[in-house]
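> Here is my input, please return the structure:
(2 chains)
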Amino acid sequence: MANLTTEFLGIKSPNPFWLASAPPTDKEYNVVRAFEAGWGGVVWKTLGEDPHIVNVYGPRYGTLLGNDRRVIGFNNIELISDRPLQTNLDEIRRVKRAWPNRAVVVSLMVPCEEAAWQRILPMVEDTGCDGIELNFGCPHGMSERGMGSSVGQVPEYIEMVARWCKTYSQLPVIVKLTPNITDIRYPARAAKAGGADAVSLINTINSIMGVNLQTMTMSPSVGKQGSHGGYCGTAVRPIALNMVAEIARDPQTAGLPISGIGGVHTWHDAAEFIALGAGTVQVCTAAMVYGFRIVQDMCDGLSNFMDEQGYTSVSQMVGKAVPSITGWSNLNMNHIEKAVINQDSCIQCGRCHVVCEDTSHQAITATKDGKRHFEIKEDECVGCNLCVSVCPVPETITMRTLAPGEIDKRSGKPVPANYANWTTHPNNPMRVAA
Amino acid sequence: MTAPDTATAAPTDIRSGRLHAEQYQRNFCDAHAPLSLAQARIEADRCYYCFDAPCQTACPTGIDIASFIQRIADDNIRGSAHAILSANPLGGMCARVCPTEVLCEQACVRNSNEDKPVEIGLLQRYATDAYFAKPGAPLFTRAKASGRTVVVVGAGPAGLACAHGLARLGHAVVVLDANAKPGGLNEYGLATYKTVDNFAQREIEWLLSIGGIEIRTDTTLGKNVTLDQLIAKYDAVFLGLGLSGVNDIGIAEPAAPGLRNAVEFIAELRQVDDYATLPVGRRVVVIGGGMTAVDAAVQSRKLGAEQVTIVYRRGPGGMSASAYEQDWAQKNGVTIRHWAAPCEVLAGVQGVTGIRFAVTALNDGKLVETGETFALEADTVLKAIGQSFVAQPLGAKIELQSGRIATDASGATSHPKVWAGGDCRVGGRDLTVEAVEHGKVAALAIDAALQA
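Next up is the predicted model:
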């Protein structure tokens, strides 16, 4: 069993799996159950000022489901904690005392006024919690009141509030970023400039889950109307991975600790976030779909993977895949692949053929000698990977890299051995000398 | 089973009411429970939506299976039913009775990597059941009236499909049937547990709702009306006569109670209101290897027979009942004995007491009797060795081939005004779904001929 112990901003946790600030970390009862199940830490559901906010008592969640009702995406319109501040503070104190080896970070959201932050920070610090996370991410409800994502969308505000927090608190400060923005690097840079110790991302994405076509009402709705909510779950993971990687490889923020969030359902997902630069991961939807014990499967899988790969600590994996990400201009134009269909495992569904024929490069046969037969036409194949993507049988269509010197049947030319990218390509009017 | 060598070895025991009422109810309910909404969606999700889908090619009526399944998955039952019923107006019954294990489901590409095809038959049933439960506006409407009238002889699957096709094309159709109810084998020839809740008649009711089709029952060709009269009176004739003859077992058949045709037994079961009133033997032997043999044997068990044995003269591979059907029989407590041909029906004063079989074997590819014999005790012997076409009502008007009506691919017979389809036509596999295709194709051919 690999050692999953994680240290993030000096906060130790027995594993990198933290519950994100969200409904599962709303109160002592839930958090204790989470710790009993094995979660490494929690980010307590966002505290605000008294009088506490009020939630709707109608549907707060909506789902994007597969036909077997597997949850693909999830959204919510729940606001921050709807309990008195002191109740939360008392519970946080008790939980941290009872579970000293688990990370307890407290999420905060108060108006963008220095006095408000100055007031709440000492109270939070007094609980004995390990750190604070600034909720600049929630896209629903609170954003209409000038908080949440409406702060996260203005880098200047991020920097300003982060600075106040560093000024009025000794605790590590994590800034939670909203993905509802054009370029995630700007808010991350602002957080760093404000002195934040880390960023966490992504918060949820503005979304409408659907429309009830019988009533012509958006869903979920509270009575006759609904409001856009925050989207999360498996479906958002690719977006989150990209944003994490953008920050990890931006020279201005490289090295800034990241807590990765967004559709972590398995150890595999977590390992991907870690490989792209996350020091811990935060989970919500998986817990809301399966309950807290899912963390045991996550820990077990991650541990087995680390053992198999020879990693002895999570930190060894952090950012390992970041160098593999680059701009399109740097891609090697001399690297050529062709799809190969394994005829022994091909089940002859023909999906590769029809998608290639209809939407790509007409590079897969449908028949051979009058018989149903799917085979790559190398003289047409551009190596796009579409057939691999739609093939229902794993490992049946694979990509083969052409060796230098081998003739690319599509161009009729040998594959060059050298690396050459767009910046030097003859078709590039802005090319530079190779 | 020890062989009784005397004809009076065991007392005849044929009686009704062998079971409790709830046992009958349980035994004759749906053999395969329909899919629930959740099951249908999960199963629909398994379809790969193949290019040039092999299942569609394997379907004699060419139903666009990928589309109808996709439409179940995306909550478009009406569209799903349209995809099915436009290719096969009896798609509801075919979903129940098609040997899908040798048709669409055998061709499903999922067999290749997981040995578990998409449950196409059950999905088709789901879509058609859901549609029939709430049909809404008509799926099909009639073209402008052509002023032509076509007579269809036989209201079985071929005749009904032909009638529906002709009605869609604007022709008036008169359907004659010898029986009291339309449906042919759908009404009289299938095991009860394959088509519960009077489905055959409900489906026909829907099929006729297109309008323009008049059904005349209790009208037998060659008895109430002649082919010459039909040819003279109508613009075209479609013969969907089925197979009304029953093959002999080729040995002496004593006129003893207990020896009967399986098709009669099956028809009786389909028409009875109370299964408890149907007599069944304690020991039943069914001779034959087709679906009729299986349906008769399994239903004998379900009526309470203790020992039911199917005896077939060749091996399992020679049976026209599919492996699935054979398995179904065995699961229902039917014993199947291969390589034995009947040689003597044993009967006493009360009726049948048993039947003696000659053991058979293949010798240089020829089926021969080895000289060994054995006898099985039985108070009922059901003959299910196939049905035959009775050509007599046709007179000399229509050319036959191998004892059935010779046609071209469109169903055209040797007479320019007569088409034929279904089991009475030469060259088929005697499947319901094939009969439907014959009727469908013939309707188009008749329409083309009438417009020429």
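> Spatially nearest residue to the residue of chain A found nearest chain B (excluding sequence neighbours)?
Per CB to the nearest CB, residue A:350 is where chain A lies closest to chain B, at 3.0 Å. The way it works is simple: take the backbone N, C-alpha and C, and place the C-beta from them, glycine included. Spatially, and ignoring its direct neighbours in sequence, residue A:350 is nearest to residue B:51 (3.0 Å; CB to CB, 6 or more residues apart in numbering or on different chains).
> so that neighbour sits right up against residue A:351, yeah?
Yes: if you go by CB atoms under 8 Å, residue B:51 and residue A:351 touch, sitting 6.2 Å apart.
> if I pick residue B:294, what's in contact with it?
By CB atoms under 8 Å, 6 or more residues apart in numbering or on different chains, the residues touching residue B:294 are B:191, B:310, B:321, B:325-326, B:328-329, B:334.
> low-scoring stretches of the chain, by residue?
Answering for chain A, as no chain was given. Applying pLDDT under 70 to chain A flags the ranges A:434.
> that's the wrong chain, I meant chain B
Counting by pLDDT under 70, chain B has low-confidence residues at B:1-11.
> Spell out which residues of it are next to chain A.
Proximity of chain B to chain A, by CB under 8 Å from any CB of the partner chain, involves residues B:38, B:41-42, B:44-45, B:48-54, B:73, B:109-110, B:112-113.
> What subset of these is buried?
Buried subset of those (neighbour count, 16 or more other CB atoms under 10 Å in any protein chain shown): B:41-42, B:44-45, B:48-51, B:53-54, B:73, B:109-110.
> Which member of the residues you listed is positioned nearest chain A?
The nearest member of these to chain A, counting by CB to the nearest CB, is residue B:51 at 3.0 Å.
> Quick check on the closest one: phi, psi?
Dihedral pair for residue B:51: phi -70, psi 130, per degrees, to the nearest 10.
> contacting residues for it?
Here residue B:51 is in contact with A:349-351, A:353-354, A:366 (CB under 8 Å, 6+ apart).
> For burial, what's the neighbour tally of the residue of the stretch 351-452 of chain B found nearest chain A?
Proximity of the stretch 351-452 of chain B to chain A (CB to the nearest CB) peaks at residue B:409, 20.6 Å away. Close neighbours of residue B:409, defined as other CB atoms under 10 Å in any protein chain shown, add up to 9.
> Pairing partners for the helix or strand residue A:338 falls within, with directions?
Counting by DSSP states H and E, the element that carries residue A:338 is strand A:337-341. Each strand that pairs with strand A:337-341, with its direction, by DSSP bridges: strand A:397-401 (antiparallel).
> After the partner strand, which helix or strand is next? Please name it.
Using DSSP H and E, the helix or strand that follows strand A:397-401 in sequence is strand A:407-408.
> Show the secondary-structure elements that the next helix or strand after that following strand is packed against.
From strand A:407-408 onward toward the C-terminus, using DSSP H and E, the following helix or strand is strand A:413-414. Counting contacts by 3 or more CB pairs under 8 Å, 6 or more residues apart in numbering or on different chains; DSSP states H and E, strand A:413-414 packs against strand A:407-408.
> ok, the strand it packs on: who's next to it in the sheet?
Sheet pairing of strand A:407-408 (DSSP bridges) gives strand A:413-414 (antiparallel).
> what does the partner strand rub up against?
Contacting residues not belonging to strand A:413-414 are listed as A:404-408 [CB under 8 Å, 6+ apart].
> rerun at 7 Å
The set of residues external to strand A:413-414 that reach it, using CB atoms under 7 Å, 6 or more residues apart in numbering or on different chains, is A:405-407.
> And stretch A:21-38, by the same measure?
Contacts to stretch A:21-38, defined as CB under 7 Å, 6+ apart, come from residues A:19, A:42-46, A:78, A:81, A:83, A:91, A:94-95, A:99, A:102, A:107, A:133, A:135, A:284, A:287-288, A:292-293, A:295-296, A:299.
> What of stretch A:136-144?
Outside stretch A:136-144, the residues within contact range by CB under 7 Å, 6+ apart are A:77, A:79-80, A:109, A:148-152, A:158, A:175-178, A:180, A:203-204, A:206, A:227-230.
> ok, now stretch B:320-331?
The contact list for stretch B:320-331, computed with CB under 7 Å, 6+ apart, reads B:99, B:101-102, B:289-291, B:293-294, B:297-298, B:310, B:316, B:319, B:336.
> and if you look at stretch B:105-124?
Here stretch B:105-124 has contacts from A:345, A:347-349, A:393, B:32, B:35, B:40, B:43-44, B:46-48, B:50, B:54-55, B:57-58, B:65, B:68-69, B:72, B:84, B:91, B:95, B:98, B:100, B:104, using CB under 7 Å, 6+ apart.
> Recalculate using a threshold of 8 Å.
For stretch B:105-124, contacts defined as CB under 8 Å, 6+ apart pick out A:345, A:347-349, A:393, B:32, B:34-35, B:40, B:43-44, B:46-48, B:50, B:54-55, B:57-58, B:63, B:65, B:68-69, B:72, B:84, B:91, B:94-96, B:98, B:100, B:104.
> Next, the distance between the ends of that stretch.
12 Å (CA to CA, to the nearest Å).
> repeat for stretch A:5-22
End-to-end distance for stretch A:5-22, by CA to CA: 23 Å.
> Next, the buried residues of that stretch.
Using 16+ other CB under 10 Å as the test for burial, stretch A:5-22 gives A:6, A:8-9, A:11, A:13-22.
> and what of stretch A:361-380?
Using 16+ other CB under 10 Å as the test for burial, stretch A:361-380 gives A:363-366, A:373-378.
> That one and chain B in contact?
Yes: against chain B, stretch A:361-380 shows contacts by CB under 8 Å from any CB at A:366, A:372.
> can I get the CA coordinates of that stretch in CSV?
In CSV, the C-alpha atoms belonging to stretch A:361-380 read as follows (Å, rounded to 0.1, in the frame of the first residue of the first chain):
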residue,chain,number,x,y,z
HIS,A,361,-11.6,11.5,-44.7
GLN,A,362,-13.2,8.5,-46.4
ALA,A,363,-10.3,6.4,-45.2
ILE,A,364,-12.1,3.2,-44.1
THR,A,365,-13.5,0.5,-46.4
ALA,A,366,-17.0,-0.9,-45.9
THR,A,367,-16.4,-4.0,-48.1
LYS,A,368,-13.6,-6.0,-49.5
ASP,A,369,-14.2,-8.5,-52.3
GLY,A,370,-17.9,-8.0,-51.9
LYS,A,371,-17.9,-8.8,-48.2
ARG,A,372,-18.4,-6.6,-45.2
HIS,A,373,-14.9,-5.6,-44.2
PHE,A,374,-13.5,-2.5,-42.5
GLU,A,375,-9.9,-1.6,-43.2
ILE,A,376,-7.9,1.6,-43.2
LYS,A,377,-7.0,3.1,-46.5
GLU,A,378,-3.6,4.5,-45.6
ASP,A,379,-3.6,6.7,-48.7
GLU,A,380,-6.5,8.6,-47.2
